[in-house]
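>>> Attaching a predicted model along with its sequence, questions to come.
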Amino acid sequence: MFGYTEREKPAWQLQFIYDYDVSRNVRAFCKSFCECLLMISAELTAAHFGGGGGLLRRKAPSGEQDKEEEKPKSRKELIEELIAKSKREKRERQTQRENALELTEKLDTDWKEIQTLLSHKTPKSERKDKDEDKPKPDEYDMIVRELGFEMKAQPSDRLKTEEELAKEEQERLQKLEADRLHRMHGKDEHENKKKPKHMSADDLADGFILDKDDRRLLSYKDGKINVGNEEKEGGNEEESESEEESEGEPTREDGEEAIVEEDDATDSPSDLESDMGSEEEVTADEDQKKKHKGNENKLQSEKEQNAKIEAAKSELPYTFTVPESCEKLKSLLFGRIIEEQLVILERIQKCNHPSLAVGNKAKLEKLFGFLLEYIGELATVEPPELKMIDKLVLPLYSLCQMFPEAASNSVKFVLQDAAHDMEEMIEVKGRATFPKLDMLIYLKITAILFPTSDFWHPVVTPAFVYMSQLLTKCQVMTLQDVVKGLFVCCLFLEYVSLSQRFIPELINFLLGILHIAVPQKRTQGYTLVHPFRSGGKNSELLLVCDKKNMETWQKQNLPLSIVTRLKESSKTEMNHFRLSCLAVCLDLIKKCASLYGSLSSFHEIMLPIRVLLTEHIPVSEYPKQLQELHQNALKEIEDKEKHYMPLVCEKKKPVPLKLYTPKIVKVLEFGRKQGGSKEEQERRRLIHKHKREFKGAVREIRKDNQFLARMQLSEIMERDSDRKRKVKHLFNSLATQEGEWKAMKRKKFKN
């Protein structure tokens, strides 16, 4: 009682008390009900089997009661008594419960008053002692408790395969395309959707449908029963089913109100006749307004419908078939913005995924070649669509990842075709020219689609060979050729950025570009390689003499589109273009120096360029930005350390000349030379002793071998003599036996 108040009692205790009270009430009711049944059964037994005296004869009165006999109680009275008794007991239990509740509340209030007096706090010193006595938890226990508070991992959905994702994406696009076609043909989006029907609260959802209620509602019009109009209305109900469903129950209420009003009208026909004229006018005005409003709504809905149809027609289709030729792909993409083109290509890939049908793989493989050809045509347009080409590389890359073999075959075919054209041009004209912009873009795309760091690659290696032929066989005749050659140099650096492969054609071409920017060709400290010459018509192609143009020049990147519109430029723009080409060349020289700085022959490779930069190029006349680029490139070359030591002859003692002074050797015995030093003599003595000992050992070994051989021979001879003796003895005995046998045989013959 002192632990909890009535409201503060724990849930399990309250539940126990409640269960106890209920069970006690049930037991009391059952007990009283059983007693009543026993009484009734006793009366019935006495009536049926006791001669009827029990029911007809009254019970004898007690001493305190009257002597008059009482009448027997019926079954109904007994049940009423039982009910009254149970109610009385229930009321008593309720009063007991209320009294107990009052007592507990009073006890709770008294306890709260006393609780403050009983509270006793332990001092801090004792608390500290208790805390110290408690054992500290181990690391293992702490980890276990932390794991108990950690969130449990929830199971996630299974990751879908690529085929499942492609199937879902195709179904989604097909559904969107079907919706778009519905909108384009003017069909309502919600036309095919089933409207929810009203379901009763008593519906068991077992598919059971009641028969249609064909009963007609009773209505009157002009004092007569309305039958024909009701049939017409019933016929129109099917036509205007959607309107009635949208309005719902309010229409039914209006109909009921109309029926009630008609009923009222039948009760008072005089009022109906008096109000007929006014009602007809009101209804006519309302009909006109409704017609006018209906026409307006119809026009507005038609306008909205037409707008939806036009919007659906302007939308991109959601499903596409793979184009069978490059012309069909062009007709599909021509005239659209780049975002729409990307969406079309993406939907073509999703709707025709290889896992969805058998022939889709071959179709998408052909699509890669068509898209590559389309990009080439975009590059040949004036002005070239470089931004569009940059965006179209993404679907090209995704197709290359899906079908690498088909992509490599397509790019190899383009490279082989370009190399064949170059060889034919050299055979016909004797010289080759740089290709158009589309081929340069194909080389750039090759670096994006395929790995360029491999030692050998079926696509990148032919691209390397083709680019090296461009830098060595194509002559630099115009500024467009300079731009194309510098672009190929940039591609070379991009190709070898990871592998750091040495490209001699790159260094030679950059040397030639610097050479055509040098005025007054003097004595050279370097050697030019084809296609550049020390003198000639185009030997000063990048030379700028106008100082005003140099002052107004600003460094900027060279776009590839400038190749097509360079002929229309003015003289100032041409000079600025020359200076920009020279700046790009210096920047490429700096990158080459940082890339090939680890080579042991780096300084010998870059020596011609270094001579050109230090001795021949007029740096002082160039703008400041160009001078800074020149200094940075030269510094990058000079700062690299040498990775080898120069070859030096090996240091050896000089070989002395042969002298003719005779060498005197002391001879003590004839034919034998004695060494001059004690060590030599000791060495000779030991050698002689070794030989003597060796000969003695060999002699002893030979004697031992001979002795062993004699002993073995004597043993063999003894064994042979013994064997011969035994054999001889056997032969003698056999001979005597044979003689005796022959003698016996002769005696028998004689007898």
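Looks like it arrived, so ask away. All figures in this text were calculated on a predicted structure; none of them were measured in a lab.
>>> okay, CA-based contacts and neighbour counts for the rest of this
OK.
>>> What score does the closest residue to residue 329 other than its chain neighbours have for pLDDT?
In this structure, residue 329 finds its nearest non-sequential neighbour in residue 323, 5.6 Å apart by C-alpha to C-alpha, 6 or more residues apart in numbering. For residue 323, the pLDDT comes out at 91.
>>> State whether residue 323 and residue 333 are indeed in contact, as I suppose.
No. In this structure, residue 323 is not within contact of residue 333 by C-alpha atoms under 8 Å, at 10.9 Å.
>>> quick one: buried residues of whichever strand or helix holds residue 345?
Element membership for residue 345, per DSSP states H and E: helix 338-351. Neighbour counts using 16 or more other C-alpha atoms under 10 Å place 338, 341, 342, 344, 345, 347, 348, 349, 350, 351 of helix 338-351 among the buried residues.
>>> wait, what's in contact with the residue nearest to residue 633 when sequence neighbours are not counted?
Leaving aside its sequence neighbours, residue 633 sits nearest to residue 590 (C-alpha to C-alpha, 6+ apart; 4.6 Å). Counting by C-alpha atoms under 8 Å, 6 or more residues apart in numbering, residue 590 makes contact with 632, 633, 634, 636, 637.
>>> Just the buried ones from those residues, in PyMOL syntax?
To isolate the buried members of those in PyMOL, using 16+ other C-alpha under 10 Å:
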select buried, resi 632+633+634+636+637
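>>> So which of the contacts of residue 590 sit within helices?
Counting by DSSP state H, these place 632, 633, 634, 636, 637 in helices.
>>> So for the very next helix or strand once past the helix holding residue 345, mean pLDDT?
Downstream of helix 338-351, the first helix or strand assigned by DSSP H and E is helix 360-380. Per-residue pLDDT over helix 360-380 has a mean of 91.
>>> Quick check: buried residues in the helix or strand that helix 360-380 is followed by?
Using DSSP H and E, the helix or strand that directly follows helix 360-380 along the chain is helix 386-402. Judged by neighbour count using 16+ other C-alpha under 10 Å, the buried positions of helix 386-402 are 386, 388, 389, 392, 393, 395, 396, 397, 399, 400.
>>> Counting by contacts, list what helix 386-402 packs against.
On a contact count with 3 or more C-alpha pairs under 8 Å, 6 or more residues apart in numbering; DSSP states H and E, helix 386-402 meets helix 338-351, helix 360-380, helix 404-429, helix 437-449.
>>> So which of these is nearest residue 113?
Residue 113 lies closest, by C-alpha to C-alpha, to one member of the helices and strands packed on helix 386-402: helix 338-351, at 79.7 Å.
>>> so where is the stretch 601-750 of the chain shaky, pLDDT-wise?
Within the stretch 601-750 of the chain, the segments meeting pLDDT under 70 span 663-676.
>>> All the helices of it, residue numbers only.
Per DSSP state H, counting those that start in this stretch, the stretch 601-750 of the chain carries helices over the ranges 602-605, 607-611, 624-638, 678-750.
>>> From residue 592, how far out is residue 575?
26 Å (C-alpha to C-alpha, to the nearest Å).
>>> actually residue 630, not the one I wrote
Separation of residue 630 from residue 592 (C-alpha to C-alpha): 14 Å.
>>> Can you pull the residues that touch both of these two?
By C-alpha under 8 Å, 6+ apart, no residue touches both residue 630 and residue 592.
>>> wait, what's in contact with the residue nearest to residue 609 when sequence neighbours are not counted?
Distances taken as C-alpha to C-alpha, 6+ apart put residue 511 closest to residue 609, at 5.8 Å, once the chain neighbours are dropped. Listed by C-alpha under 8 Å, 6+ apart, the contact set of residue 511 reads 528, 608, 609.
>>> What strand or helix carries residue 511?
Going by DSSP H and E, residue 511 is part of helix 504-515.
>>> again with residue 104
In this assignment (DSSP H and E), residue 104 forms part of helix 75-118.
>>> Could I get the average pLDDT for that helix?
Averaging pLDDT along helix 75-118 gives 86.
>>> which strands and helices sit next to it?
Under the contact criterion of 3+ C-alpha pairs under 8 Å, 6+ apart, helix 75-118 touches helix 11-49.
>>> Rounded mean pLDDT for the helix it packs on, please.
Mean pLDDT, helix 11-49: 55.
>>> Between residue 575 and residue 592, which is the more surrounded one?
residue 592 (23 against 20; other C-alpha atoms under 10 Å).
>>> Please name the residues that touch the more buried one.
residue 493.
>>> Tell me who's in contact with residue 530.
Residues counted as contacts of residue 530 (C-alpha under 8 Å, 6+ apart) are 472, 473.
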